[in-house]
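1. this one's structure only:
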């Protein structure tokens, strides 16, 4: 049984005119359906002999009564706000009544373009280093024109609505007058026979009168049907005319039933639904059939209507389901962006990686259709807020980084000026010390962009090299002494190599003695310096490695032997020793980390830099060996404690 209800299209026609035009739309607002006027719905109970209104047409169900999702239709593509405004002007000043669907679509498109332009302007402002707190949205002249034209359209639609309402009230009076006239005719068979031609004329007048207020439609139709039925039942003398009328009405209603049944094959369910509305209107305007056929023809028409109504209902159910699925998908994307926005970004690589992830999510967002209308704005605002939060903090990070780069570049330029001021000096020793100090200070300054960094370094290195080359040329007279020093140092290196094959407790003392002799020897020829340096430190590294291993092993064995004595004084002594070693272990790890960080500031392109890197690497390795020894001592204490347990 179909529920009795006010005709939904009549309701929507009124609501459409009462709805206040909004000035702002969101990025996914769907245009509402345009509504055609249709006949009011009648009661839907099956006809009986006692029911005077048995010929009432069945109500057409509306699956989306009140909150149907907007039907998706193809529209013209607009590429600019100017195009939208131009079309809106045509509608506002044209002869036709402005259609709600197209106006809503234009509103959606305009504000999509409007918001896109505004966000692009804000992004460009921030990327150029602008202060987010000082950013202001500039007035949009196109928006002002758009609102003005929308105001004109609203006034025109309001005027049309008022005219329609006045016409409906007038039509209501006319139909009430027709009902009263038919009521007065249906008093006796004789009066009915005499008034038959006038009755037919009144029926035609009823058909010619169109819309009435929706809240009066059902009652009006029931009363009309009641008195029409009573009039036909009183037509006894002119039975031939009555039967002819019944026959013609039956032919019309059979045709309407066939047309309604064919709508089941219509692929466009919306079109089928609106066609059914027209069939209902015609069915209502058609007079009654013979009493014995009324229930049968009614049931047939109602059954065909039910099929269309169910398809219409299913269509909007499917549309709602898709929108709910879209809401779920968009919610998941919001959660992803929010999770990414919470992650820590330590450097530009982290920001770039997360930016790519969010852009991919934004691309996916655009492939998802509308969410339910009541949530569409909220879910978009949530998504945009998460994106804005991320990109706002990214802009702040790179603005700070740029400021830091500029500060570092200024510091390096200051060192370049100092180096250039010293490059022509002939105070070899004092100036050498100053330039070496400048080089050390250079390495403590943070990063700058690579291209600028290379340029500044080459400029700085050029000033330093100019001085050192001049100093080397001035010291050419000392080459003879340098060659003697070269021979001495090579002899010391040979003695160190011999110690690598020697075993004994005094090896370490011999090594230290040779190292002191080597360091006491003066400069060697510049060209031989690096080669000699490498050979000297290679043999030292080998010796120190072996000595460190042996010494560490000896120290660990001694420590383990002393553990028994320490244990006799109680576990507190062991615990105190373990705490002391653990603090030392952590301090050594921190020192190693500091050295390794400093290594990153040294530039391998400099020969001086290479020497410094080698020396620091040796110190790091020595610290690591000592650190490992401390770790082994801690393990020995833990093993002793476990054994006592």
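-> Perfect, I can see it now. No experiment lies behind these values; they were computed from the predicted model shown. Numbers count the residues shown, from 1 in each chain.
2. can you give the distance of the helix or strand hosting residue 388 from its chain's centre?
-> Using DSSP states H and E, residue 388 maps to helix 373-422. On the basis of C-alpha atoms, centre = their mean, to the nearest Å, helix 373-422 sits 20 Å off its chain's mean C-alpha point.
3. next SSE after that helix?
-> Following helix 373-422 in sequence, per DSSP H and E, is helix 428-444.
4. just the helices in the stretch 251-400 of the chain please.
-> Remark: helices assigned in the stretch 251-400 of the chain by DSSP state H, counting those that start in this stretch are 269-285, 291-342, 348-366, 373-422.
5. pLDDT below threshold where in the stretch 151-300 of the chain?
-> Within the stretch 151-300 of the chain, the ranges that satisfy pLDDT under 70 run 186-192, 235-241.
6. give me that answer again for 80
-> The stretch 151-300 of the chain contains residues with pLDDT under 80 at 185-197, 225, 229-243, 285.
7. neighbours around the nearest residue to residue 510 once chain neighbours are set aside, how many?
-> Nearest non-adjacent residue to residue 510, counting by C-beta to C-beta, 6 or more residues apart in numbering: residue 499, 5.9 Å away. Bear in mind the C-beta positions are built from the backbone N, C-alpha and C, glycine included. Applying other C-beta atoms under 10 Å, we find 19 other residues in the vicinity of residue 499.
8. mind starting the numbering at 32 from now?
-> Right, with 32 as the first residue, what we last looked at is residue 530.
9. just the pLDDT for residue 530.
-> If you check residue 530, the pLDDT there is 78.
10. surely it meets residue 544?
-> No: between residue 530 and residue 544 there is no contact under C-beta atoms under 8 Å: 10.3 Å.
11. export the helices of the stretch 282-431 of the chain as JSON lines, with columns for mean neighbour count.
-> Putting these into JSON lines (neighbours: other C-beta atoms under 10 Å) gives the following:
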{"stretch": "helix 300-316", "mean neighbour count": "19"}
{"stretch": "helix 322-373", "mean neighbour count": "17"}
{"stretch": "helix 379-397", "mean neighbour count": "14"}
{"stretch": "helix 404-453", "mean neighbour count": "16"}
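12. so which of the ones you listed is nearest residue 186?
-> For residue 186, the closest of the helices of the stretch 282-431 of the chain is helix 404-453, at 26.0 Å, according to C-beta to C-beta.
13. give the other helices and strands that that closest one contacts.
-> When contacts are defined as 3 or more C-beta pairs under 8 Å, 6 or more residues apart in numbering; DSSP states H and E, helix 404-453 packs onto helix 131-158, helix 322-373, helix 379-397, helix 459-475, helix 481-505.
14. average pLDDT for it?
-> Averaging pLDDT along helix 404-453 yields 87.
15. ok and it relative to helix 481-505, angle-wise?
-> Counting by axes from the mean of the first three to the mean of the last three C-alpha atoms, to 10 degrees, helix 404-453 lies at 10 degrees to helix 481-505.
16. what residues are up against residue 375?
-> Applying C-beta atoms under 8 Å, 6 or more residues apart in numbering, we find residue 375 in contact with residue 381.
17. how close does it get to residue 381?
-> 7 Å (C-beta to C-beta, to the nearest Å).
18. then residue 601?
-> Distance of residue 601 to residue 381, given as C-beta to C-beta: 51 Å.
19. just residue 544 next, same as before
-> Residue 544 sits 53 Å away from residue 381, going by C-beta to C-beta.
20. next: residue 446.
-> Separation of residue 446 from residue 381 (C-beta to C-beta): 30 Å.
21. residue 242 too?
-> 65 Å.
22. same deal with residue 476?
-> Counting by C-beta to C-beta - residue 476 and residue 381 are separated by 23 Å.
23. so who does the nearest residue to residue 613 once chain neighbours are set aside touch?
-> Among residues not flanking residue 613 along the chain, residue 665 sits closest, at 6.3 Å (C-beta to C-beta, 6+ apart). When contacts are counted by C-beta under 8 Å, 6+ apart, residue 665 touches 609, 612-613, 616.
24. next, the buried residues of stretch 548-555.
-> 549, 555 (16 or more other C-beta atoms under 10 Å).
25. can you give me the end-to-end span of that stretch?
-> With C-alpha to C-alpha, to the nearest Å as the measure, stretch 548-555 spans 14 Å from end to end.
26. what of stretch 237-248?
-> End-to-end distance of stretch 237-248 (C-alpha to C-alpha): 13 Å.
27. please apply the same query to stretch 161-171.
-> End to end - C-alpha to C-alpha - stretch 161-171 spans 21 Å.
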